[in-house]
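Participant: take a look and give me a structure for this.
(one chain, ligands or ions: 2)
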Amino acid sequence: MYNDNPTIKDVKKDLNLELNKPLSEKRQGEVLDLPSDTAQKKFYIESYGCQMNFSDSEIVASVLAKDGFGSTRNMEEADLILINTCSIREKAEDTVRKRLSVFNKAKKNKPELIVGVLGCMAERLKKKFLEEEKIVDIVVGPDAYRDLPVLVAGAEDGNKGVNVFLSREETYADISPLRLGSNGVSAFISIMRGCDNMCSFCVVPFTRGRERSRDAFSIVAEAQDLFDRGYREVTLLGQNVDSYKWENPESKKNVSFAELMEMVALVSPDLRVRFSTSHPKDMTDDVLYTMAKYENICNYIHLPVQSGSSRILKLMNRTYDRDWYKERVESIYRIIPDCAISSDIIAGFCTETEEEHQETLSIIKWAKYSMSYMFFYSERPGTLAAKKYDDDIPLEVKKRRLTEIVELQTSISRDENMKDIGKTFRVLIEGDSKKSSSDFKGRNSQNKMLIFPKMPNLKPGDYVEVKVLSSTSATLKGEIV
Ligand code: 5AD
Ligand code: SF4
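Facilitator: Ligands and ions are numbered 1, 2, ... in the order given. Next comes the predicted model:
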């Protein structure tokens, strides 16, 4: 996850919108590019939603490349347009519908163009998509990407196609992802798929199916290959990484998440290891001790609390309460004193009282999150909450509570970042800073972004020691020492 705290200014500017979307949603509409080649047919892909979707688009690109497709960043040049979609909140789905209307215009100019919808919205709406959006030719769920060549060929012959089969086994372990839009330094590795948790607000278990873990050796091989190609940071991805569990078919022994992390950390001390997302009910001390043991496992945990109220947590079916969560945070700070923790927070869940909202504010203050992704509750069709509870908090109240949460988090991030002034951190250079090509940007172990003037002979992928000279709620500025 990434440090992209909203500021109060953003909140005011954006009050009618969902606040502080995860990085992946901020990168909405990111066009993913591959080195273009001489292929006859070209595809264009846009990805929305979580990091898992971005990672899946790299699997899709690999499947299509094997089928003879080249990529393009120019929609007009494409024979196939794909949109990898997100259903997590209503607004994410609205964005996809808007993009489809843009693709519709492109199709008017080029009737043979094929449009495909991938990902969570495809899974949620299934063949209804073909009825609702006439321009869509193929609908492909997250476990059916191997079928893309067949579906595309069918569409070329004028047959619309749907494959939304959810698998209990598919992990795409044998498919080597084509790194899209990559900085050549950091990459995502998907270690598991699906989710068995059934948080009452969440649509993911319905769109991504049952949880399954990927072959540990294929994960380590992918990390090794990335390292050999110059990458210096991998993020192990799953909806709930702490419940990773894979049985070695030869030894019949189970590999746990802590063991997997250790295997990846051993690829090289120069390969940084990150992971996301951790569920408070599953995050065990052995994961923390493994983190403490290896310098190259970053001291950063994304540990979504969702709410600070035990009653709301129960309604959310999170299966932990406030005290359990606090104990987990205390263990983190005890075992890894300089660990940064970030969170996801939902404002205005069904029946939430003002006192319960205050409990959310107080846990944010107590946990001292380095940053949070903050949302107001958006009812999703088919979820447990939609079936059982009334979405009874008025929108203005949800938004006001969310604003209070964002303002508090911003001030905590500012205070915490101020404490970093004068400290020196090991930073992995990711590339040029957004604002100036005379500065580099890179992260410290705690996942905080640092900006610092370039020095000769340094390049992305190098490690440097940077002393922090000033800070804001979102970034640290410094100089190489
Ligand atoms: N409404 C608002 N936020 C949600 N999230 C998941 N479902 C919903 C919903 N229905 C948030 C949770 C989760 C993050 C990925 O998105 O905080 O951790
Ligand atoms: Fe959704 Fe909960 Fe699973 Fe996360 S852990 S994907 S919030 S059901």
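Participant: pull the CA atoms of stretch 222-231 into CSV?
Facilitator: Listed in CSV are the C-alpha atoms of stretch 222-231, where the atom choice follows Å, rounded to 0.1, in the frame of the first residue of the first chain:
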residue,chain,number,x,y,z
GLU,A,222,8.7,-15.5,-9.5
ALA,A,223,10.5,-13.4,-6.9
GLN,A,224,13.9,-14.8,-8.0
ASP,A,225,13.1,-14.0,-11.6
LEU,A,226,12.1,-10.5,-10.8
PHE,A,227,15.3,-10.0,-8.7
ASP,A,228,17.5,-11.4,-11.6
ARG,A,229,15.8,-8.9,-13.9
GLY,A,230,16.7,-5.9,-11.6
TYR,A,231,13.6,-5.6,-9.5
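Participant: report the buried residues of that stretch.
Facilitator: Of the residues in stretch 222-231, those scored as buried under the neighbour-count criterion (16 or more other CB atoms under 10 Å) are 222-223, 226-227, 231. C-beta here means a position set from N, CA and C on the backbone, and glycine is covered the same way.
Participant: cool, stretch 464-472 as well?
Facilitator: Within stretch 464-472, judged by 16+ other CB under 10 Å, the buried ones are 464, 466-468, 471.
Participant: and of those residues, the nearest to ligand 1?
Facilitator: Lowest distance from ligand 1 to the buried residues of stretch 464-472 (CB to the nearest ligand atom) belongs to Ser471, with 26.4 Å.
Participant: per-residue confidence, the closest one, what does it come out as?
Facilitator: Model confidence at Ser471, expressed as pLDDT, equals 98.
Participant: what is the burial count for the residue nearest to it when sequence neighbours are not counted?
Facilitator: Of all residues beyond its chain neighbours, the one nearest Ser471 is Asn417 (3.9 Å), with distances taken as CB to CB, 6 or more residues apart in numbering. The tally of other residues near Asn417 (other CB atoms under 10 Å) stands at 22.
Participant: list the contacts for Asn417?
Facilitator: The contact partners of Asn417, by CB atoms under 8 Å, 6 or more residues apart in numbering, come to 448, 471-476.
Participant: report the separation between the residue nearest the centre of the chain and ligand 2.
Facilitator: Nearest to the mean C-alpha position of the chain, counting by CA atoms, centre = their mean, stands Gln51 at 2.8 Å. Taking CB to the nearest ligand atom, to the nearest Å as the measure, Gln51 and ligand 2 are separated by 12 Å.
Participant: around ligand 2, pick out the residues from the stretch 251-400 of the chain.
Facilitator: With CB under 6 Å from any ligand atom as the criterion, the stretch 251-400 of the chain comes near ligand 2 at residues His279.
Participant: residue of the stretch 251-400 of the chain nearest ligand 2, please.
Facilitator: Across the stretch 251-400 of the chain, the shortest distance to ligand 2 (CB to the nearest ligand atom) belongs to His279, at 5.4 Å.
Participant: just the element for that residue, please.
Facilitator: Counting by DSSP states H and E, His279 is held by no secondary-structure element, helix or strand.
Participant: pop out the phi and psi values for it.
Facilitator: phi -100, psi 130 (degrees, to the nearest 10).
Participant: ok, it to ligand 1 distance?
Facilitator: The span separating His279 from ligand 1 equals 10 Å under the rule CB to the nearest ligand atom.
Participant: the closest residue to that residue other than its chain neighbours: neighbour count?
Facilitator: The spatially closest residue to His279, leaving aside those adjacent along the chain, is Asn240, at 4.6 Å (CB to CB, 6+ apart). Asn240 sits with 20 neighbouring residues when counted by other CB under 10 Å.
Participant: same question, the one 5 residues further on
Facilitator: With neighbours defined by other CB under 10 Å, the count for Lys245 comes to 16.
Participant: over to the one 3 residues further on?
Facilitator: The local packing count at Asn248 equals 12, with neighbours defined by other CB under 10 Å.
Participant: check contacts around it.
Facilitator: For Asn248, the set of contacting residues under the criterion of CB under 8 Å, 6+ apart consists of 216, 254-255.
Participant: related to what we said a few turns ago, tell me which residues touch the residue of the stretch 251-400 of the chain closest to ligand 2, please.
Facilitator: Under the contact definition (CB under 8 Å, 6+ apart), the residues listed for His279 are 197, 240, 242-243, 304.
Participant: the residue in the stretch 201-350 of the chain that ligand 2 sits nearest to sits in which helix or strand?
Facilitator: In the stretch 201-350 of the chain, no residue comes nearer to ligand 2 than Cys202, which is 3.1 Å away by CB to the nearest ligand atom. Cys202 belongs to no helix or strand when assigned by DSSP H and E.
Participant: identify the residue spatially nearest to it, adjacent ones excluded.
Facilitator: Thr383 (6.3 Å).
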